[in-house]
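Engineer: kindly generate the corresponding structure for this input.
(one chain, ligands or ions: 1)
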Amino acid sequence: MRNLFEDIEPDNRSDNSGEGAVHPGNTLNDLTGKEWIKATKSWLVCDSRRYHQNRDTELHPARYPEELVAEFVRFFTTGDGWVLDPFCGSGATLVAALEEHRNCIGMEVNRHYVDLSLDRLQAKARDTRTVTDVVHADAREIAAPGTWERVEAVPREEDGLPRFDFVMTSPPYWNMLRKSRGGVASTHKRRAAEGLATDYGDHERNLGSIEDYDEFIEQLGVVFDGCARLLKPQKYMVVVVQNVRVPEGYVRPLAWDLARRISRTLSFQGERIWCQNSKRLGIWGYPTTFVPNYHHHYCLIFRQQD
Ligand SMILES: C[S@@+](CC[C@H](N)C(=O)[O-])C[C@H]1O[C@@H](n2cnc3c(N)ncnc32)[C@H](O)[C@@H]1O
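Structural biologist: Prediction:
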């Protein structure tokens with residue numbers, strides 16, 4: 001088999017890890033050829049102890065691991081790039097971006113999570129070259145210049161809007177956090193017993209409180225149309241989402257429906273599947289009915305083609 005990398009001259013971003021060199025024509029990231037190829041495998045597992053220690057703590061009812069974000073931030077940006085998360089929750093995207101020396105702005109409608117994210121960022125040893133901030137706003141207004149007027153940290157273009165190199169986020173999974181699935185030891189029940197938040201609150205602008213499924217998809221579409229306006233040409237957006245099984249016993253293909261809706265404004269480039277390999281199995285349909293234990297999420301990848 002031909003070695004794809006043998007005729008590549010290293011540039012000054014080559015490293016000492018034995019992973020090879022950065023291609024001089026690489027405009028997307030700072031990865032060597034070997035690192036690039038590894039990051040294109042269509043599934044990945046992020047099961048570090050650090051994530052599990054935080055997963056069911058007071059932080060947030062539905063957070064993703066910083067390792068997952070770091071994997072995508074390294075692939076879709078170069079050092080000092082600008083990252084956006086319109087549903088920032090506990091700030092996982094911002095923390096990971098900061099650790100990777102990328103600038104990152106989060107948006108969040110729930111004041112509690114805005115403050116939590118800011119506290120987490122403050123607790124990190126600050127990289128003084130890197131900008132991070134969290135905007136308390138409804139993500140449906142992400143492409144309204146007024147939303148950005150008070151955000152001094154981020155440079156704006158003539159139209160009053162900032163531009164980003166990468167968007168990484170995970171929206172509410174419809175109203176699923178509000179529905180107990182009745183499992184014997186569900187996370188929902190465990191968190192409720194411990195007095196921890198089980199959903200994103202009753203805020204009227206919380207998209208996770210929309211009951212009508214089609215309306216929910218459309219409102220998420222508004223957010224992602226806005227994100228598309230803020231993405232620089234040829235840059236990428238990753239949306240982490242699952243298909244969901246409703247208590248009535250059927251599956252809503254949320255990931256697929258959302259991929260179709262977002263494809264109106266951005267080009268769908270495929271998915272990577274985040275596998276949760278060490279999550280506890282629930283007993284759902286046994287012994288009569290097939291009910292999946294959904295232990296994977298779709299990381300849907302879109303590109304701004306303009
Ligand atoms: C799946 S969580 C994001 C979790 C985050 N990725 C993390 O790891 O912590 C979705 C977040 O979207 C927020 N949210 C819901 N509706 C919103 C809206 N209209 N604008 C901005 N944020 C919203 C919720 O409060 C919640 O924190």
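Engineer: list the helices and strands the strand or helix carrying residue 300 packs on?
Structural biologist: In this assignment (DSSP states H and E), residue 300 forms part of strand 296-303. Other elements packing on strand 296-303 under the criterion 3 or more Cβ pairs under 8 Å, 6 or more residues apart in numbering; DSSP states H and E are strand 231-241, helix 254-262, strand 267-275. C-beta: built from backbone N, CA, C; applies to glycine.
Engineer: wouldn't residue 170 be in contact with residue 237 here?
Structural biologist: No. Proximity of residue 170 to residue 237 does not meet the contact threshold set by Cβ atoms under 8 Å, at 11.9 Å.
Engineer: ok, the spatially closest residue to residue 142 that is not a sequence neighbour - contacts?
Structural biologist: Computed as Cβ to Cβ, 6 or more residues apart in numbering, the closest residue to residue 142 that is not its neighbour in sequence is residue 226, at 3.9 Å. Applying Cβ atoms under 8 Å, 6 or more residues apart in numbering, we find residue 226 in contact with 86, 139, 140, 141, 142, 143.
Engineer: most neighbours out of the residues you listed, which is it?
Structural biologist: Within the contacts of residue 226, most neighbours by other Cβ atoms under 10 Å means residue 86, with 29 neighbours.
Engineer: in which helix or strand does whichever residue of the chain sits closest to the ligand reside?
Structural biologist: Across the chain, the shortest distance to the ligand (Cβ to the nearest ligand atom) belongs to residue 89, at 2.6 Å. For residue 89, there is no host helix or strand (DSSP H and E).
Engineer: at the contact with the ligand, which residues of this protein appear?
Structural biologist: Residues of the chain lying close to the ligand (Cβ under 6 Å from any ligand atom) are 60, 62-64, 87, 89-90, 92, 107-110, 113, 138-140, 170-172, 200, 205-208.
Engineer: picking up where we left off before, which one of the helices and strands packed on strand 296-303 is the most hemmed in?
Structural biologist: A comparison of the helices and strands packed on strand 296-303 by mean neighbour count, using mean count of other Cβ atoms under 10 Å, puts strand 231-241 on top with a mean of 20.
Engineer: quick one: contacts of it?
Structural biologist: Contacts made with strand 231-241 from outside it, assessed by Cβ under 8 Å, 6+ apart, are listed as 64, 68, 72, 76, 163-171, 173, 224, 227-228, 254-255, 258, 262, 266, 269, 274, 297-306.
Engineer: in its sheet, what does that strand sit against?
Structural biologist: In the sheet containing strand 231-241, the strands it pairs with under DSSP bridges are strand 164-169 (parallel), strand 296-303 (antiparallel).
Engineer: run the angle between that strand and strand 267-275 for me.
Structural biologist: For the pair strand 231-241 and strand 267-275, the angle between their directions (axes from the mean of the first three to the mean of the last three Cα atoms, to 10 degrees) equals 40 degrees.
Engineer: now residue 223: which helix or strand?
Structural biologist: When elements are defined using DSSP H and E, residue 223 is found to belong to helix 213-230.
Engineer: now do stretch 72-88, average pLDDT.
Structural biologist: If you average the pLDDT over stretch 72-88, you get 97.
Engineer: could you do stretch 115-123 as well?
Structural biologist: Mean per-residue pLDDT for stretch 115-123: 93.
Engineer: and that stretch, what's buried?
Structural biologist: By neighbour count on 16 or more other Cβ atoms under 10 Å, the buried set for stretch 115-123 is 116, 117, 118, 120, 121.
Engineer: find the residue closest to the last one in space, skipping its chain neighbours.
Structural biologist: Same thing as residue 121. Once its chain neighbours are removed from consideration, residue 121 has its nearest residue in residue 132; the separation is 5.1 Å (Cβ to Cβ, 6+ apart).
Engineer: what's the burial count for the one you found?
Structural biologist: Using other Cβ under 10 Å as the criterion, residue 132 is surrounded by 25 other residues.
Engineer: contact partners for the nearest residue in space to residue 273 that is not next to it in sequence?
Structural biologist: Among residues not flanking residue 273 along the chain, residue 43 sits closest, at 4.3 Å (Cβ to Cβ, 6+ apart). Residue 43 makes contact with 272, 273, 274, 275, 296 under the criterion Cβ under 8 Å, 6+ apart.
Engineer: wait, which of these is closest to residue 158?
Structural biologist: Proximity of the contacts of residue 43 to residue 158, judged by Cβ to Cβ, is greatest for residue 272, which lies at 35.5 Å.
Engineer: residue contacts, the nearest residue to the closest one once chain neighbours are set aside?
Structural biologist: If the residues on either side of it in the chain are set aside, residue 272 comes closest to residue 299, at 4.5 Å by Cβ to Cβ, 6+ apart. Under the criterion of Cβ under 8 Å, 6+ apart, the contact partners of residue 299 comprise 68, 72, 238, 239, 240, 271, 272, 273, 274.
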